[in-house]
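>>> Quick one: sequence and predicted model below, then my questions.
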Amino acid sequence: MLNVFLVDDHEVVRRGVRELLENEEDITVVGEAGTRKSALAEIPPVHPDVVLLDVRLPDGDGIEICREIRSSAPDIACLMLTSFADDEAFLGAVIAGASGYVLKQILGNDLVTSVRRAGKGESLLDPSMVAKARARLGRDLEDERLRPLSPQERRILELISEGMTNREIADTMFLAEKTVRNYVSNLLLKMGMKHRTEAAVFAVRVAERQKKSFPGPE
């Protein structure tokens, strides 16, 4: 028997999904909740096989619930259910460890199939979409590190990635070597890095990504 817990802030949706699932001989709905708070309180005691989660809730979202459930009980599968295709939410679902991300427009039989597959430990996420989401996450993290840097610091980071010493950077940018050392210390601090080499590797990776995103003429 596959035990399922429903989380949606609309009672009519929960009632409809419950009826749909319980028409199947091998599926039982062991509980339901309409808020993040009640879901996190009620899910652990019943320990369902699958939690069907609405992405948007009045006091949070289903992705937060998925993340917490997967952290404390990784054997529980989470299937996200949403009204809208949202790249941000899909990315969040991938990071949180969701088994799938389906739209509420899904046909009833397809939803039942999705619940069964999630209960078997299968991933319903398109591998190509997951790869794109993870690449997007990597870009976002890179952009977060670059954002605090001034144009001058970005230029120095670029020269570091080319293997230049502080003296060479100073000569190239017509600055004092001591000034360059200060810039390097500041940019490492802003990026949360300890070593110059770490910054150089990071800068090379960003440059390679940009080259792939904006290839020049052949």
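Yes, it's here.
>>> Now name the helix or strand holding Leu53.
strand 50-54 (DSSP states H and E).
>>> For the chain, which helix or strand comes out least confident on mean pLDDT?
helix 127-146 (a mean of 64; mean pLDDT, DSSP states H and E).
>>> Which helix or strand lies directly C-terminal to it?
Downstream of helix 127-146, the first helix or strand assigned by DSSP H and E is helix 151-161.
>>> What strand or helix carries the residue nearest to Gly92 when sequence neighbours are not counted?
Among residues not flanking Gly92 along the chain, Ile63 sits closest, at 4.2 Å (C-beta to C-beta, 6 or more residues apart in numbering). All C-beta atoms are positioned from the backbone trio N, CA, C, and that covers glycine. Assigned by DSSP H and E, Ile63 falls within helix 62-72.
>>> Could you list the low-pLDDT ranges of the chain?
Judged by pLDDT under 70, the chain has its weakly predicted residues at 126-143, 207-218.
>>> And the helices in it?
Applying DSSP state H to the chain gives helices spanning 11-22, 36-46, 62-72, 87-96, 108-119, 127-146, 151-161, 166-173, 177-191, 196-213.
>>> With distance to Leu2 and mean neighbour count added, can I get those helices in JSON lines?
Output for the helices of the chain, formatted as JSON lines (distance: least, C-beta to C-beta, whole Å; neighbours: other C-beta atoms under 10 Å):
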{"stretch": "helix 11-22", "distance to Leu2": "9", "mean neighbour count": "15"}
{"stretch": "helix 36-46", "distance to Leu2": "13", "mean neighbour count": "16"}
{"stretch": "helix 62-72", "distance to Leu2": "16", "mean neighbour count": "21"}
{"stretch": "helix 87-96", "distance to Leu2": "21", "mean neighbour count": "19"}
{"stretch": "helix 108-119", "distance to Leu2": "5", "mean neighbour count": "18"}
{"stretch": "helix 127-146", "distance to Leu2": "24", "mean neighbour count": "13"}
{"stretch": "helix 151-161", "distance to Leu2": "52", "mean neighbour count": "18"}
{"stretch": "helix 166-173", "distance to Leu2": "62", "mean neighbour count": "16"}
{"stretch": "helix 177-191", "distance to Leu2": "47", "mean neighbour count": "16"}
{"stretch": "helix 196-213", "distance to Leu2": "42", "mean neighbour count": "14"}
